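# The following comprises the amino acid sequence and a computationally predicted model.
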Amino acid sequence: MSNVYDVLVERGFIEQATHEDEIKELLSKEKVKFYIGFDPTADSLHLGHFIQVMVMMHMQKAGHIPIALVGGGTALVGDPTGKTEMRKMLTEEKINENAEGIKKQLSKFININDDNGYVVNNADWLKGLTYIPFLRDIGRHFSVNRMLTAECFKSRMEKGLSFLEFNYMIMQSYDFLELNRRYDCKLQMGGNDQWSNILGGVDLIRRVDGNSAFGLTFKLLTTSEGKKMGKTESGAIWIDKEKTSPYNMYQYLRNIQDADVENALSLLTFLPMDEVRRLGSLEGKEINKAKEILAYEFTKIIHGEKEAQKAQKAAKALFSNGATKASVPSTDIEKEKFENGMDILTLLTELELISSKGEGRRLIKQGGIYVEDERVTDFKKEITVNDFTNEKLMIRRGKKVHHQINLI
């Protein structure tokens, strides 16, 4: 059987490793406990996070033991990585609520029963720390000069880096030390933006306890142009079906650029690599078949086969004349709301097709909003009961996003 490290390399996940040969040997010899951290800044994971989840699934399938760490403690401080300014502070109550939401989602994708896998919260040990002993025992192992050369801090130096955020690397490193002590966790994995923080933990374990520890980073999910995938004009593509419907998730992946298909298939599906390469090499109209497979396979991983089939059927129905539109995302709205008319911007906001009325005005100005097949040109257009046929009305944003309103 091939080593899971080779699988991750072949599929294009791995970016950097602290000790490549040792990690590869370790993964071939024993069941390795490894951890990946998730920041509870929202109550759901999004498409960008899913690279981490796919890695955990690959690792667990190969017999290794995942520890998903939800950062209930570190979220109280905020990760400066990739941020040009300080994050908005969340209340402890909101962080706990988000952490529960993420834990629930992760348990759908990784087995966290018995000793097969764990979901832990770093608030369990970070909140109980006392300041002076922590500084004496842990803080003394960190060189400020070295920390300031880390990418995550360098980008913040011009705008000002708060002392609060400066502690983030130390706290994340301490997490690895705690997990090493509590679970014999030997490997930390994360996105390539976490490299400096992971090195901090590897170094801390070696200095404090003299144990071997390793780090591995993987690519962020980006397009061929280097932009983060999973972002749309109306926000992130969420794993929570209440935030992003299975249909919208399917449509997002069905409409990615041709150049991104092979990479997305290798990172976001479990299809064999021969098949991934075959699909990725299709050209012209044929590549659309590969996009449909990608959209279907990923929606199936997230929402199950039934929802993936419904999304696929709905997407195909919209491109074939006279077919049913029954599976298109729909919203039930009380008939009385349209008795005196509802303006188009309010309606688009209610349907979550726009994130603000300003965005709605811009889209209308660009000719991007349709009621049935009629382009909307007036911001003040009123939608009334008379616009409905059999108590149904189709709203369209751009070419691809359809939403049906049902009167109740």
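The structure has been received and is ready for your questions.
# When you work out contacts or count neighbours from here on, use the C-alpha atoms and nothing else.
Will do.
# Name the SS class of the closest residue to Lys400 other than its chain neighbours, please.
Nearest residue to Lys400, sequence neighbours excluded (C-alpha to C-alpha, 6 or more residues apart in numbering): Gln251, at 7.5 Å. Going by DSSP: H, G, I helix; E, B strand; the rest coil, the secondary structure assigned to Gln251 is helix.
# what's the neighbour count on Gln251?
With neighbours defined by other C-alpha atoms under 10 Å, the count for Gln251 comes to 22.
# for the stretch 51-200 of the chain, what spans make up the helices?
Taking DSSP state H, counting those that start in this stretch as the criterion, the stretch 51-200 of the chain carries its helices at 92-109, 123-126, 131-137, 144-148, 151-157, 163-166, 168-183, 195-208.
# which outside residues touch the helix or strand harbouring Ile293?
Per DSSP states H and E: Ile293 is located in helix 287-303. Counting contacts by C-alpha atoms under 8 Å, 6 or more residues apart in numbering, the residues outside helix 287-303 that touch it are 239, 241, 246, 249-256, 258, 261, 264-265, 268-269, 279-282, 305-309, 312.
# what about 7 Å?
239, 246, 249-250, 253-254, 258, 261, 265, 268-269, 279-280, 308, 312 (C-alpha atoms under 7 Å, 6 or more residues apart in numbering).
# quick one: buried residues of whatever helix or strand comes next after it?
Using DSSP H and E, the helix or strand that directly follows helix 287-303 along the chain is helix 305-318. For helix 305-318, a neighbour-count test (16 or more other C-alpha atoms under 10 Å) marks 307-315, 317-318 as buried.
# now helix 305-318, how far from the centre of its chain.
Between the centre of helix 305-318 and the centre of its chain there are 22 Å (C-alpha atoms, centre = their mean, to the nearest Å).
# one step back: quick one: which two of the buried residues of helix 305-318 are the most distant?
Taking C-alpha to C-alpha as the measure, the buried residues of helix 305-318 span a maximum distance of 16.8 Å, between Glu307 and Leu318.
# remind me which residues of the stretch 51-200 of the chain are low pLDDT?
78-88, 155-156 (pLDDT under 70).
# Tell me which stretches of the stretch 301-408 of the chain form strands.
Per DSSP state E, counting those that start in this stretch, the stretch 301-408 of the chain has strands spanning 330-333, 342-343, 369-371, 374-375, 382-383, 392-397, 401-407. These are given in chain order.
# Out of the ones you listed, the one nearest Ala17 is which?
Each of the strands of the stretch 301-408 of the chain has some distance to Ala17 by C-alpha to C-alpha; the shortest is strand 401-407, at 40.8 Å.
# Show me what that closest one is packed up against.
In terms of contact count using 3 or more C-alpha pairs under 7 Å, 6 or more residues apart in numbering; DSSP states H and E, strand 401-407 is assigned the packing partners strand 330-333, strand 392-397.
# For it, give the mean pLDDT please.
Model confidence over strand 401-407, given as mean pLDDT, is 84.
# Equivalent analysis for stretch 311-319, please.
Averaged across stretch 311-319, pLDDT comes to 79.
# for stretch 344-360, same thing?
Regarding stretch 344-360, the rounded mean pLDDT is 87.
# Contacts made by it with the rest, please.
234, 379-383.
# what do you get if the cut-off is 8 Å, keeping everything else the same?
Taking contacts as C-alpha under 8 Å, 6+ apart, the residues outside stretch 344-360 that touch it are 234-235, 331, 361, 379-383, 397, 403.
# Return the entry from those residues with the maximum number of neighbours.
The most crowded member of the contacts of stretch 344-360 is His403, carrying 23 neighbours; neighbours defined as other C-alpha under 10 Å.
# I'd guessed that residue sits against Ala314; true?
No. Proximity of His403 to Ala314 does not meet the contact threshold set by C-alpha atoms under 8 Å, at 11.2 Å.
# Mind listing the shared neighbours of those two?
If you check His403 and Ala314 against C-alpha under 8 Å, 6+ apart, the residues they both contact are Val328.
# and Phe176, how far is that from Ala213?
9 Å (C-alpha to C-alpha, to the nearest Å).
# Please say which of the two ends up with more neighbours.
Phe176 (30 against 23).
# Pull the contacting residues for the nearest residue to that one once chain neighbours are set aside.
Excluding its sequence neighbours, the residue lying closest to Phe176 (C-alpha to C-alpha, 6+ apart) is Gly201, at 5.6 Å. The neighbours of Gly201, taking C-alpha under 8 Å, 6+ apart as the test, are 170, 172-177.
# ranking the helices and strands packed on strand 401-407 by burial, who's on top?
Burial among these, expressed as mean neighbours by mean count of other C-alpha atoms under 10 Å, is greatest for strand 392-397, which shows a mean of 19.
# pLDDT (mean, whole number) over that one?
The average pLDDT for strand 392-397 rounds to 84.
# likewise stretch 236-251?
Mean per-residue pLDDT for stretch 236-251: 90.
# end-to-end on that stretch?
Looking at stretch 236-251, the gap from its leading to its trailing residue is 14 Å under the measure C-alpha to C-alpha.
# hmm, back to that, using JSON lines, lay out the contacts of stretch 344-360 together with distance to Thr223.
Output for the contacts of stretch 344-360, formatted as JSON lines (distance: C-alpha to C-alpha, whole Å):
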{"residue": "Ser234", "distance to Thr223": "18"}
{"residue": "Gly235", "distance to Thr223": "17"}
{"residue": "Thr331", "distance to Thr223": "32"}
{"residue": "Arg361", "distance to Thr223": "28"}
{"residue": "Phe379", "distance to Thr223": "34"}
{"residue": "Lys380", "distance to Thr223": "37"}
{"residue": "Lys381", "distance to Thr223": "37"}
{"residue": "Glu382", "distance to Thr223": "39"}
{"residue": "Ile383", "distance to Thr223": "38"}
{"residue": "Arg397", "distance to Thr223": "23"}
{"residue": "His403", "distance to Thr223": "27"}
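# Among these, which one lies nearest to Glu30?
Of all these, the one with the least separation from Glu30 (C-alpha to C-alpha) is Gly235, at 41.5 Å.
# Can you tell me the closest non-neighbouring residue to the closest one?
Ser355 (7.7 Å).
# From Ile364, how far out is that neighbour?
The separation that Ser355 has from Ile364, given C-alpha to C-alpha, amounts to 14 Å.
# and the gap between the residue nearest to Tyr174 when sequence neighbours are not counted and Thr222?
The shortest distance from Tyr174 to any non-neighbouring residue, by C-alpha to C-alpha, 6+ apart, is to Gly201 (6.5 Å). Using C-alpha to C-alpha, one gets 26 Å for the distance from Gly201 to Thr222.
# Brilliant, that's me finished.
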